[in-house]
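# please work out how this folds:
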Amino acid sequence: MKFGIAALALALAGCASAAPAPTEVRQIVSTTSFGMCVGYCTTRLEISEGQAVLIRDGRSGRGSAELPDQRFTQTLTPAEWQEFARLASNTNLSGLPPVIGCPDCADGGAESLTINGTQTVSFDFGASIAQAQPLLERVRALRARMTPEQ
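Residues are numbered from 1 along each chain as shown. I've put the predicted structure just below:
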C-alpha cells in the first residue's frame, strides 16, 4: 500500500513538472493596412518592455507623391508593460487559423497581431477576436493615442 501511494505521488509530481511554463512575453506587434487608401495606409506598432514604437509607411498609399515614413515613440511605465505582458501571456493565438475573415477585402482594412514573433493572426480591421479581445483593445487604444491627428 505504501509503495502505491509513493508511486502515485511520484506520478503526480511528474505531471506537475511536465506542464509548460508560461512563455515570457518579449514583444507584441500589431499592424494595420488599407489597400485603397491615400496617405499613410500602413502602420506597425511594436510594443516591448519600456517602449512602444509606431511606424507609419508613407509609400503604401495611392497618392501621386510618396510621403516620408513617420516614427513615433512612447515610453511605457513598468506597470503599463506588465499589463501588456499579462494580457499577451493570456492570449493564445495558436488555436486560431493564420487568417480570419477576408482582411482588406473591399477595402475594409486588415489588421494583424503577433506575440513574440511566433504567433500571428491576420483579420479584418477592427474585428473582434474572442481569444485576443482584451489585448486587442489595449493595443488599439495605444495606437489611437500615438497616431497624430490629420
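
# give me the neighbour count for residue 71.
When neighbours are counted by other Cβ atoms under 10 Å, residue 71 registers 10. In this view, the C-beta of every residue, glycine as well, is placed from N, C-alpha and C.

# now do the strands in this structure.
27-33, 42-48, 51-57, 70-75, 110-115, 119-124 (DSSP state E).

# tell me the most buried of those strands?
Of the strands of the chain, the one with the most neighbours on average (mean count of other Cβ atoms under 10 Å) is strand 110-115, at a mean of 22.

# state the mean pLDDT of that one.
For strand 110-115, mean pLDDT rounds to 96.

# could you measure from the residue nearest to residue 115 when sequence neighbours are not counted over to residue 73?
Distances taken as Cβ to Cβ, 6 or more residues apart in numbering put residue 88 closest to residue 115, at 5.0 Å, once the chain neighbours are dropped. Between residue 88 and residue 73 the computed distance is 20 Å (Cβ to Cβ, to the nearest Å).

# tell me who's in contact with the most centrally placed residue in the chain.
Nearest to the mean C-alpha position of the chain, by Cα atoms, centre = their mean, lies residue 113 at 3.5 Å. Residues in contact with residue 113, defined by Cβ atoms under 8 Å, 6 or more residues apart in numbering, are 28-30, 93, 120-121, 129, 132, 135-136, 139.

# need the max-distance pair from these.
Within the contacts of residue 113, 29 and 129 form the most distant pair, 15.2 Å apart (Cβ to Cβ).

# thought residue 72 was touching residue 51, still the case?
No - in this structure, residue 51 is not within contact of residue 72 by Cβ atoms under 8 Å, at 11.0 Å.

# any chance of the strands of the chain in JSON lines, plus distance to residue 104?
Below are the strands of the chain laid out as JSON lines (distance: least, Cβ to Cβ, whole Å):
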{"stretch": "strand 27-33", "distance to residue 104": "6"}
{"stretch": "strand 42-48", "distance to residue 104": "11"}
{"stretch": "strand 51-57", "distance to residue 104": "14"}
{"stretch": "strand 70-75", "distance to residue 104": "21"}
{"stretch": "strand 110-115", "distance to residue 104": "4"}
{"stretch": "strand 119-124", "distance to residue 104": "8"}
